[in-house]
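K.L.:
This is the structure alone, sequence omitted:
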């Protein structure tokens, strides 16, 4: 993957699910809702001064959200940060930059 460019879409991995779990409280606070389901489905990544992850997450039986999560470089000792999100998505909506 080229720095600055988006990777291909890949199935979510345990590492991506861990990141998703870590930003779930941020998502719930920003959307004022509690999600009993918060399952990462697929993701793309972008290398910047850290990594932006674009993650498709199932948040209910038939509702999905797209998350943009920033993970700082390891020496900065910061957890993942939910920078942006889009709700009202379907399983088939492509992950694109937002």
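P.N.:
Great, that's in hand. All of these numbers come straight from a predicted model, not from anything done at the bench.
K.L.:
who touches the most centrally placed residue in the chain in this structure?
P.N.:
Nearest residue to the geometric centre of the chain (CA atoms, centre = their mean): residue 55, 3.2 Å. Contact analysis of residue 55 by CB atoms under 8 Å, 6 or more residues apart in numbering lists 12, 16, 19-20, 40, 42-43, 66-67, 69, 95. C-beta here means a position set from N, CA and C on the backbone, and glycine is covered the same way.
K.L.:
Go again with 7 Å.
P.N.:
Going by CB atoms under 7 Å, 6 or more residues apart in numbering, residue 55 touches 16, 20, 40, 43, 67, 69.
K.L.:
and it, backbone torsions?
P.N.:
With angles defined as degrees, to the nearest 10, residue 55 sits at phi -120, psi 130.
K.L.:
Per-residue confidence, it, what does it come out as?
P.N.:
pLDDT for residue 55: 98.
K.L.:
could you measure it against residue 75, distance?
P.N.:
Using CB to CB, to the nearest Å, residue 55 is found at 24 Å from residue 75.
K.L.:
wait, isn't residue 6 in contact with residue 98?
P.N.:
No. Taking CB atoms under 7 Å as the definition, residue 6 is not a contact partner of residue 98, at 11.1 Å.
K.L.:
Tell me which of the two has more neighbours.
P.N.:
residue 6 (16 against 11; other CB atoms under 10 Å).
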